[in-house]
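Visitor: pasting the sequence and the predicted coordinates here, then a few questions.
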Protein chains: 2
Amino acid sequence: MIYVDLVVDLYSPVPLYAQVAAVLRTKIESGELRHLDPLPSEKSIEQEHGVSRDTARRAIRMLRDEGLVFTIPQRGTFVGPPP
Amino acid sequence: MIYVDLVVDLYSPVPLYAQVAAVLRTKIESGELRHLDPLPSEKSIEQEHGVSRDTARRAIRMLRDEGLVFTIPQRGTFVGPPP
DNA sequence: GTGTATTTGTTCGTATGTATC
DNA sequence: CGATACATACGAACAAATACA
């Protein structure tokens, strides 16, 4: 089993936030995260991927811009189109 | 009414940050922004003028260097001389 | 009912890399 | 080469709403 595409690569020309977004996108498209499931919080993304909160937020924003997830303030971000 | 001097001109020899600073300076001197009023945040300057945060920061620093505004870290920038 | 922890929102501070003029 | 400009990335601090013990 290869996990290479589930970790971020500091030396890739691909921005860190885009790499993190790709990991989350894969979890959604694979069904690991299902409709209305909460995404990992910004803090847990920070810890799990070793990135800053800024980067975690950019990743989430990218998925939100794609219409894959929606965010409820002070609640979290969830899988699915904006309600 | 002419609004030309309230927008930035990418083709002007005047640096973008100086143009943005001029817009903010006008708002202060015209009274639209009053003593202790918060300046637009770096982010809103980004969005409203279509410039990078770097440029927004340079503009604010310019006004700060002029003594027109003062910045409180993590709070914002306000109209008036440094307290 | 009362704190405490969690989570997102919003600021600013700083640094690096790249491109352009 | 230096100044300008943008994108990326990390850090820090505080606010506000929600969730939970």
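Guide: Nice, thanks for sending it over. Numbers count the residues shown, from 1 in each chain, chains lettered A, B, ... in the order given.

Visitor: tell me which element residue A:64 falls in.
Guide: helix A:53-65 (DSSP states H and E).

Visitor: list the contacts for the residue lying closest to residue A:15 once chain neighbours are set aside?
Guide: In space, and not counting its chain neighbours, residue A:15 is closest to residue A:58: 7.8 Å by CB to CB, 6 or more residues apart in numbering or on different chains. Just so you know, the C-beta spots here come from the backbone N, C-alpha and C atoms, and that holds for glycine as well. Under the criterion of CB atoms under 8 Å, 6 or more residues apart in numbering or on different chains, the neighbours of residue A:58 are A:15, A:17, A:20-21.

Visitor: quick check: end-to-end length of stretch A:68-81?
Guide: In stretch A:68-81, first residue to last residue: 6 Å (CA to CA, to the nearest Å).

Visitor: my error: substitute stretch A:72-83 in the last question.
Guide: From its first residue to its last, stretch A:72-83 covers 10 Å (CA to CA).

Visitor: any idea of the mean pLDDT for the host helix or strand of residue A:78?
Guide: Assigned by DSSP H and E, residue A:78 belongs to strand A:76-79. Average pLDDT, strand A:76-79: 96.

Visitor: stretch A:35-43 too?
Guide: Averaging pLDDT along stretch A:35-43 gives 95.

Visitor: just to revisit the earlier point, next SSE downstream of the helix holding residue A:64?
Guide: Next along the chain after helix A:53-65, taking DSSP H and E as the criterion, comes strand A:69-72.

Visitor: check which helices and strands that next one sits against.
Guide: helix A:53-65, strand A:76-79 (3 or more CB pairs under 8 Å, 6 or more residues apart in numbering or on different chains; DSSP states H and E).

Visitor: got the buried residues for it?
Guide: Across strand A:69-72, burial judged by 16 or more other CB atoms under 10 Å in any protein chain shown covers A:69-71.

Visitor: same deal with stretch A:38-46?
Guide: Those buried within stretch A:38-46 under the rule 16+ other CB under 10 Å are A:39-40, A:42, A:45-46.

Visitor: using PDB, write out every CA atom in that stretch.
Guide: Only the C-alpha atoms of stretch A:38-46 are listed here, as PDB (Å, rounded to 0.1, in the frame of the first residue of the first chain):
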ATOM      1  CA  PRO A  38     -18.000  17.000   9.500                       C
ATOM      2  CA  LEU A  39     -14.600  17.600   8.100                       C
ATOM      3  CA  PRO A  40     -11.600  17.600  10.400                       C
ATOM      4  CA  SER A  41     -11.500  20.900  12.300                       C
ATOM      5  CA  GLU A  42      -8.900  23.500  11.400                       C
ATOM      6  CA  LYS A  43      -7.000  22.600  14.500                       C
ATOM      7  CA  SER A  44      -6.900  18.800  13.800                       C
ATOM      8  CA  ILE A  45      -5.800  19.500  10.200                       C
ATOM      9  CA  GLU A  46      -3.000  21.600  11.700                       C
END
